[in-house]
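1. got a sequence here, can you build the structure:
(chains A and B)
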Number of protein chains: 2
Amino acid sequence: MNTRTPNSDIITLLLQNSNSHELKHYKKGERIIEERAHARNVFLQKTGVVKIVKNYDRTDPIIVSFAFPDAIIGLPAVLLDKKYQVTAIAQEDTTGWMINAKKFMGYFDHNGIKKQIVKQMTEETLVLMERIGTMAQRSGLKRFLSVLIMLSEVYGTAEGKKLNLNLTIKDLSEIVMLSRETLHRIIRNIEDEGIISIKAKKITFLNFEKLSRMAQE
Amino acid sequence: MNTRTPNSDIITLLLQNSNSHELKHYKKGERIIEERAHARNVFLQKTGVVKIVKNYDRTDPIIVSFAFPDAIIGLPAVLLDKKYQVTAIAQEDTTGWMINAKKFMGYFDHNGIKKQIVKQMTEETLVLMERIGTMAQRSGLKRFLSVLIMLSEVYGTAEGKKLNLNLTIKDLSEIVMLSRETLHRIIRNIEDEGIISIKAKKITFLNFEKLSRMAQE
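-> Residues are numbered from 1 along each chain as shown, chains lettered A, B, ... in the order given. Just a heads-up that it's a prediction; the model follows:
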């Protein structure tokens, strides 16, 4: 659900060629880019965690993915000169650089940059496809199980280890598309089965084998 | 939901440099690539319509998008040397070339090709994001309305005109994630409202303004 492509080449290049890029700071909950605004910048993330949300401010918001340091946020909209399709919100305190779209496109033909962009876009496409696979599950339980598998794969955690991402029940309900009440009930059942435990916003994966078996049943 | 980037440069280049690429023919319903098989080829589509399906052969199959002439199918999996994430099935009789992944990657550094690939990947990302937006709608009616808007935008049709895509009720149910019974009922209501009419697998858009108003209510 994120892209971890190291964009340090891009950042180095952009910062070398400009002294106007001050590092921006966003507190948890602050919006970085807004859906339906014209894409005038890309955001190069330096630190923190960013949630990427579709339909924010509408009745059915959905958390599409999370972005981590080195992500380039807003890239597809800038490349095609369109409106942002998503809202990006600091999930944790986050820093990064806002790079003007025209300036960014000026570096686009630099061969190393284009290669990195292809890599990021490709990984993003794969993640979005997987995300669509999770959303297609019609049972709430199966949807939650497939989201858990995706979270563990994309954010890479081992059995017995915590997921490196703080998620509230509200966040989870906006990932799995379930009401908080339904989600609470499902989580209790999965915890009783010894598959995961959730404490202080952290998910610990306890039994991957049982998780994937239940997801396929 | 598709990518119409003209890939004629790629096709020209690939066909110039090889005499081993015979044009393949797929009859309606035949599978072109299979989800979870290792990505050994990209398919360069010459004619026809291809449906891109996730979770094919499983309980909750979903039609993610459609591909038209000039699409490169299987691209993200080949670029990252992974398994195909989707199944591609001829929606209409389809022709195209299967290009070996290694051979394809050999042309990848050709600058014009990389630019076209970035364009295709970017458009695909935007389409997948929009698709996620439609799927996030929890009410079946709203989901169907948002899918109609997406179909009309992506496949570009005018008011009073037919969508250039044959869709059965089964196809529609696998796009909108509704049972055929529920879908039938919703379609009857929307037809009664004078928004669309469906005849012989063709959707005609009759009132865009009312469609977008109802989708936002």
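
2. what's near enough to touch A:Ala39?
-> A:Ala39 makes contacts with A:Ile33, A:Gly74, A:Ala77, A:Val78, A:Asp81, A:Lys82, A:Lys83, A:Tyr84, A:Ala101, as judged by Cβ atoms under 8 Å, 6 or more residues apart in numbering or on different chains. Where C-beta positions appear, they are placed from N, C-alpha and C, glycine not excepted.

3. how near is it to A:Lys202?
-> A:Ala39 sits 34 Å away from A:Lys202, going by Cβ to Cβ, to the nearest Å.

4. for chain A, which helix is longest?
-> Counting residues, the longest helix in chain A under DSSP state H turns out to be helix A:111-135.

5. what's the angle from that helix to helix B:111-135?
-> Angle, helix A:111-135 to helix B:111-135, by axes from the mean of the first three to the mean of the last three Cα atoms, to 10 degrees: 30 degrees.

6. following helix A:111-135, which helix or strand comes up?
-> Secondary structure here is assigned by DSSP states H and E; on that basis, the next helix or strand after helix A:111-135 toward the C-terminus is helix A:140-154.

7. could you give the average pLDDT over whichever helix or strand comes after that following helix?
-> Taking DSSP H and E as the definition, the helix or strand that follows helix A:140-154 towards the C-terminus is helix A:169-176. Per-residue pLDDT over helix A:169-176 has a mean of 95.

8. mind listing what's buried in helix A:169-176?
-> Within helix A:169-176, the residues that qualify as buried by neighbour count (16 or more other Cβ atoms under 10 Å in any protein chain shown) are A:Asp171, A:Leu172, A:Ser173, A:Glu174, A:Ile175, A:Val176.

9. any part of it near chain B?
-> No: where contact is defined by Cβ under 8 Å from any Cβ of the partner chain, no part of helix A:169-176 touches chain B; the two come within 9.0 Å at best.

10. list the contacts of that helix.
-> By Cβ under 8 Å, 6+ apart, the list of residues contacting helix A:169-176 from outside reads A:51, A:53, A:61-63, A:91, A:140, A:143-144, A:147, A:167, A:179-180, A:183-184, A:187.

11. quick one: which of these is nearest to chain B?
-> For chain B, the closest of the contacts of helix A:169-176 turns out to be A:Ile62, at 3.8 Å, with distances computed as Cβ to the nearest Cβ.

12. the closest one: neighbour count?
-> Neighbours of A:Ile62 under the rule other Cβ atoms under 10 Å in any protein chain shown: 23.

13. okay, and the helix or strand of chain A with the least pLDDT?
-> Scoring the helices and strands of chain A by mean pLDDT, DSSP states H and E places helix A:8-16 at the bottom, with a mean of 68.

14. so which elements touch the helix or strand that that one is followed by?
-> Under the assignment DSSP H and E, the closest C-terminal helix or strand after helix A:8-16 is strand A:24-26. With contacts defined as 3 or more Cβ pairs under 8 Å, 6 or more residues apart in numbering or on different chains; DSSP states H and E, strand A:24-26 has these neighbours: strand A:94-100.

15. for the residue nearest the centre of chain A, what is the enclosing helix or strand?
-> To find the centre residue of chain A, average its C-alpha atoms and take the closest one (Cα atoms, centre = their mean): that gives A:Phe66, at 1.5 Å. Secondary structure assignment for A:Phe66, by DSSP H and E: strand A:62-67.

16. ok, is whichever helix or strand comes after that strand in contact with chain B or not?
-> Elements were assigned by DSSP H and E; along the chain past strand A:62-67, the next helix or strand is strand A:72-73. No: where contact is defined by Cβ under 8 Å from any Cβ, no part of strand A:72-73 touches chain B; the two come within 12.0 Å at best.

17. for strand A:72-73, packing partners?
-> Using 3+ Cβ pairs under 8 Å, 6+ apart, strand A:72-73 is in contact with strand A:41-47.

18. the inter-axis angle of the next helix or strand after the strand it packs on versus strand A:62-67?
-> Remark: after strand A:41-47, the chain's next helix or strand is strand A:50-54, criterion DSSP H and E. Taking the same axes, to 10 degrees, strand A:50-54 and strand A:62-67 form an angle of 150 degrees between their directions.

19. partners of strand A:50-54 in the sheet?
-> On the basis of DSSP bridges, the sheet neighbours of strand A:50-54 come out as strand A:62-67 (antiparallel), strand A:87-90 (antiparallel).

20. in a markdown table: those strands, plus mean pLDDT and distance to B:Thr122.
-> Below are the strands paired with strand A:50-54 laid out as a markdown table (pLDDT from 0 to 100; distance: least, Cβ to Cβ, whole Å):
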| stretch | mean pLDDT | distance to B:Thr122 |
| --- | --- | --- |
| strand A:62-67 | 95 | 16 |
| strand A:87-90 | 98 | 17 |
